[in-house]
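Undergrad: Structure for the following, please:
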Amino acid sequence: AVLIRFPAAAAAASAGAARSTFDAEWLWSNCPSAVLPDSGQRTRTPGQFPGWKIASASIVDAATTLPDSTNSTIAESDDSTVYLPIPPPPPGSAHPILGNNLFRGVVSSPTDTSSQNLLRVDWRCGGGSTQCTYPNTSYFDVGWLQQWRYDKVALARRRRRSEVTMDIAIPNVEHDTDSGLFEVPYEKVVAALLVDKSGETKSRTDCGLFALLRSIFTDGAALVTDVPSTIDDSGPSISPVEVIGKAIGGGRLSHGALYGDIFHVKSIPSAHNIAYTSQHLAPHQDLAYYESPPGIQLLHCVGVSPTLVGGESVLIDCMAAAERLRRLAPDCFRTLTTCPATFVKQRDGACMTYQRPHIVLKEDGSGQDCIDREIVGVNWSPPFEGPLAIRQDLVSSYFRAYAAFEYMLDNSLPVRPVRDHDLLSQAEIHEFASYSVENTWEYQLRPGQMLVFNNKRMLHGRREFAAGDSDTTSRSSVEVGPKPIRHLVGTYTNIDDTLCQYRVLLQEVGEPQIAPIPNVGNGTTSSVP
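TA: Numbers count the residues shown, from 1 in each chain. Predicted coordinates for the structure are as follows:
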């Protein structure tokens, strides 16, 4: 192993400690000489580590190590070439080299190497054929090693940067807007998609698209305002949710098999989904019965009757609630991380089931009994849950834990007398219920507003609604016939494609490290070191 003492100022900025150890296996498998410069793909696997030892290691100056101004390789022999990571990879890069095509458009010119330091590792290879296969010397950019430290201090800092807590949850992070969410006009979001009279397209980072994505991945939700009913470019009408969805989703929508790429949320007779009724809809995630549920959901309000009673949209950050549950009731938290629930969608033309625990923790090798691990996902969808299928001795604990978490997530639940609730005491009910009362966002969407939120992090729901006595129904250009009293048009995007869009924009503005990304709920940590 190699112990590196980083400069105190740089160490404090990155991870709060001045030294870190890197194992020989780790260094060997991440050697820049074993990375294809055009694609960034590694040619070494951990399973092929030949057991080499570190003979010596030293910090060297990049400028004096580079053989000339144009060549970043040193030939050791006909079959062995050492790759120098000069210039260094940009911040946030998982690749140990800048490469030829890896960051085109992000790094416009070679980085100044006058202050770049390299770690030089000389390997003691031993006998065998591997002696002729790999170079005996490796060079690593010290700044890149500093980003990818894996000591306890560095890992703890990454967790603090990415784990969702109450402090960064809606409505605790409130914006000075009518809705309390970050709001951005529709025209600003689509500005990057338009070409001005000079034939130039506005930078994606200068328009509202970047601001919208930042709010979605920081707060969990945002509101697009001044949204037109339809878009008509002398052709078939296009739904604004499709335009915004494709803008943030890498050019495509997702999860259209059951309800279509674009779906209409309104009350209809004999509905095959409770969302298509006027009944109360408890906070939930959509399509929890998929292996990978939708990432981002967009709901465009196109029609609301003037005398609508009820129908308010609600949001609550389920990942922040899970972190709070761990503090309030560790036993309940542990149960929900180990007992799988059954999520189901069965109707004419659909038969889907998926079993997974309600709370997902990051795997770190500490074992299943350790609940002090990073929360990387929550799965919650009461309207779409089927029969529980766990060991009989766990059933009572599961029902108690479920009741505790449900009170924290749904502020519409009645706080009943203790004699009517055997799972929790009256004091426990009040404690859990107070969380949902204090942390639920509730707002009546108006025509021309589009709610955009992370379906994996934010539970969404709706209050029961009905028409008032003097309801005067108007007409909408998006449909023929009387307009329903509450009509939303929705779509989904894939979480990975949308997060990719945001990360690329962060690279373009040079903020991959400055702006940590709270966990998005897709089962892994979201913050790049």
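Undergrad: Below-threshold pLDDT in the stretch 401-529 of the chain: ranges please.
TA: Within the stretch 401-529 of the chain, the ranges that satisfy pLDDT under 70 run 417-421, 468-484, 511-515.
Undergrad: can you give me the helices in it?
TA: Here the stretch 401-529 of the chain has its helices, by DSSP state H, counting those that start in this stretch, at 426-439, 495-508.
Undergrad: what helices or strands is the last one leaning on?
TA: What it means is helix 495-508. helix 208-218 (3 or more CB pairs under 8 Å, 6 or more residues apart in numbering; DSSP states H and E). Yep, even glycine has a C-beta here, placed from its N, CA and C like the rest.
Undergrad: Return the list of helices and strands in contact with the helix it packs on.
TA: strand 183-185, helix 186-189, strand 221-225, helix 240-248, strand 450-454, helix 495-508.
Undergrad: Just the helices from the stretch 101-250 of the chain, written as ranges.
TA: Counting by DSSP H, counting those that start in this stretch, the helices of the stretch 101-250 of the chain are 130-133, 142-147, 152-162, 186-189, 208-218, 240-248.
Undergrad: So which of the ones you listed is nearest residue 519?
TA: Taking CB to CB, helix 152-162 is the member of the helices of the stretch 101-250 of the chain nearest to residue 519, at 5.1 Å.
Undergrad: pLDDT averaged over the closest one - what is it?
TA: Mean pLDDT, helix 152-162: 91.
Undergrad: got the CA coordinates for it in CSV?
TA: Output of helix 152-162 as CSV, limited to C-alpha atoms (Å, rounded to 0.1, in the frame of the first residue of the first chain):
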residue,chain,number,x,y,z
LYS,A,152,-13.1,6.4,6.5
VAL,A,153,-12.9,10.2,6.5
ALA,A,154,-13.4,10.5,2.8
LEU,A,155,-16.3,8.0,2.7
ALA,A,156,-18.0,9.8,5.6
ARG,A,157,-17.8,13.1,3.8
ARG,A,158,-19.2,11.7,0.6
ARG,A,159,-22.2,10.4,2.6
ARG,A,160,-22.8,13.8,4.2
ARG,A,161,-22.8,15.3,0.7
SER,A,162,-25.3,12.9,-0.8
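Undergrad: Can you list the buried residues in that helix?
TA: Neighbour-count burial for helix 152-162, counted by 16 or more other CB atoms under 10 Å, picks out 154, 157, 158, 159, 161, 162.
Undergrad: Nearest residue to residue 424 in space, please, no chain neighbours.
TA: Among residues not flanking residue 424 along the chain, residue 403 sits closest, at 5.5 Å (CB to CB, 6 or more residues apart in numbering).
Undergrad: Tell me which of the helices and strands packed on helix 208-218 sits most buried.
TA: strand 450-454 (a mean of 26; mean count of other CB atoms under 10 Å).
Undergrad: Which secondary structure elements does it sit against?
TA: Packed next to strand 450-454, using 3+ CB pairs under 8 Å, 6+ apart, are helix 208-218, strand 221-225, helix 240-248, strand 296-304.
Undergrad: returning to what we had before: surely the residue nearest to residue 424 is in contact with residue 423?
TA: Yes - here residue 403 reaches residue 423: they are 4.4 Å apart, a contact under CB atoms under 8 Å.
Undergrad: of the two, who's got more company?
TA: Taking other CB atoms under 10 Å, residue 403 and residue 423 do not tie; residue 403 has more neighbours (19 against 13).
Undergrad: Specify which member of the buried residues of helix 152-162 is nearest to residue 498.
TA: When these are compared for distance to residue 498 (CB to CB), residue 162 comes out closest, at 17.0 Å.
Undergrad: how much space is there between the spatially closest residue to that closest one that is not a sequence neighbour and residue 224?
TA: Excluding its sequence neighbours, the residue lying closest to residue 162 (CB to CB, 6+ apart) is residue 527, at 3.6 Å. With the distance defined as CB to CB, to the nearest Å, residue 527 ends up 26 Å from residue 224.
Undergrad: again with residue 391
TA: For residue 391, the distance to residue 224 - CB to CB - is 47 Å.
Undergrad: Verify the stated contact: residue 289 with residue 343.
TA: Yes - if you go by CB under 8 Å, residue 289 and residue 343 touch, sitting 4.1 Å apart.
Undergrad: Ranking helices and strands of this structure by mean pLDDT, which lands last?
TA: Every helix and strand of the chain was ranked by mean pLDDT, DSSP states H and E. The lowest is helix 8-14, at a mean of 45.
Undergrad: returning to that earlier point: list residues touching both of residue 289 and residue 343?
TA: Each of 353, 354, 381, 384 lies in contact with both residue 289 and residue 343 under the rule CB atoms under 8 Å, 6 or more residues apart in numbering.
Undergrad: Would you check which pair of those lies furthest apart?
TA: The span of the shared contacts of residue 289 and residue 343, defined through CB to CB, is set by 353 and 381 at 12.4 Å.
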